[in-house]
Structures are given as structure tokens and as C-alpha cells.
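# No letters, just coordinates:
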């Protein structure tokens, strides 16, 4: 049975809390102010994926809050949508020092967080903003200049979506002529969202346990199952912490 909307929502919160403490990329973990997980509607039909947080995003914990974010809001408004109607995330959840390009190892390390976001949000259309997101989700080195405005059905992790590459809004800030290109590509989004969702791949079946494999013993009452790391609060404390934690508001779910 597929998970309910509430179950997906709670699972997305859990992924956020996991990402918030991530130290897989030591340099990014050492220099970030906060992890910028994503923001918006947890059941959005439309998801945007950018490159990485900048200085403003790193300070506020929310993606696309600078000039590029203001342009994104304008373009959404022109097609009758608002930021709260969509979900916005990045390839990297941490700001690269000095706003340098993401390194391949960093992209690979962060990839699973993005795939789980796609799986839990279940968008129909994913707009990749710029080269890094487009190349990652297509698994192909073709650049955004050749691909922008051309949708295709792709399987991203476990979800089939309509992938729609467009220029990053920041590109229009440096090259004003790109604003009209972006506006033209944005204008097709309502048409894409009105299409039936693409057929989903068959779910993978869990492997059957070996006959001689003994079931795992249940943890003693009052102990967690090992998913919490040393020093983390217990489940009740963690739930209370989530309700009070201002950073959790970046998800737009709390």
C-alpha cells in the first residue's frame, strides 16, 4: 500500500533532520551556517531544483531568497502560481565556500537527499534550473543551452516525472536578454502540469529473507532502534524539539 500524504510528510521531515546534521562533506559542514534543505508545498505538482545555496540562503536557511529568488517569484506569479504552490530545493544543501561550483564528490554525496525529496513529494514536473541540476537529473553532460524548454519523461530515483530544464534565474541577472527566454519557458509550465502524470515504474519487491535467517530481536522496551545517533534526544523529546525549532520552518511544513 502506498504511503499516505501524512506519512510522506513525516518522512520528509525525517529526511530534513538527517540532512541538517550531515557531515559527509567536511569542508561544507565546517563553513556552512545552516543546511538549506528546501522549502514549499510537500505535495507540490511542480518542483524546482537549483544548484546550491548562496550567502543569503546560507544565513536564512531558505533557498532562493536573493535577487534570483525574487525573479523566480515574479515568473511564478506570471503563470498564476506562488512559492507556496511549489517546492524549491538545490543539488547541494550546503553553501560551497565563496560560492564556488559544487565538486563532483559533493554532488554525489548530496544526491540521495534530493532523490528522497522527489520520492516523497511526488511532483509531476521537475524544473531543473541551470547546468548542475540538469546534468545530475538527466545523467548526461548535455548543457542547458541546448536543452532548455524541452521536456522529457525521466525516471528520477523511483519516480517518473516530466523533466523540464530551464535557465537558472541568476543567469538572467547577468544577461538581461535571458529574462525573456525564461519567461517563454515558464509560460509552458501550466500546459505541462495539465498533462496526465507519466506512468510510474513498478515498485521494487523486497528480497525474501533466507530460510535459515533468524528474525532480528526486538529492542528492549524504552530503547530506540538504532536510527538515532548517540547524543540525540529520544522520540518524544525529538518531536517536541521539531515543534519549537525555528529552522524547521524552512520546509514550509511545520
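That came through fine. Note that the coordinates shown come from a computational prediction; the quantities given were computed from them, not determined experimentally.
# Over to residue 185. Which of the three states is it?
Here residue 185 is recorded as helix under DSSP: H, G, I helix; E, B strand; the rest coil.
# Run through the residues that contact it.
Applying CB atoms under 8 Å, 6 or more residues apart in numbering to residue 185 gives the contacts 148-149, 164, 166-167. (Glycine included, C-beta is placed from N, CA and C.)
# so what strands line up beside the longest strand anywhere in the chain?
Ranked by residue count, the top strand of the chain under DSSP state E comes out as strand 159-166. In the sheet, strand 159-166 lines up against strand 125-129 (parallel), strand 152-156 (antiparallel) (DSSP bridges).
# so which of those strands comes closest to residue 102?
Smallest distance to residue 102 across these (CB to CB): 13.5 Å, for strand 125-129.
# Highest neighbour count among the contacts of residue 185?
For the contacts of residue 185, counting by other CB atoms under 10 Å, the largest number of neighbours falls to residue 166: 27 neighbours.
# May I have the predicted confidence score for it?
Looking at residue 166, its pLDDT reads 97.
# what ranges do the helices span in the stretch 101-250 of the chain?
104-121, 131-138, 144-147, 169-174, 177-186, 189-194, 235-244 (DSSP state H, counting those that start in this stretch).
# which one of these has the most crowded surroundings?
helix 131-138 (a mean of 22; mean count of other CB atoms under 10 Å).
# re the thing from before, out of the strands paired with strand 159-166, nearest to residue 30?
Among the strands paired with strand 159-166, strand 125-129 comes nearest to residue 30, with 26.7 Å by CB to CB.
# got the angle for that closest one vs helix 177-186?
Going by axes from the mean of the first three to the mean of the last three CA atoms, to 10 degrees, strand 125-129 is angled at 170 degrees with respect to helix 177-186.
# Many thanks, we can stop here.
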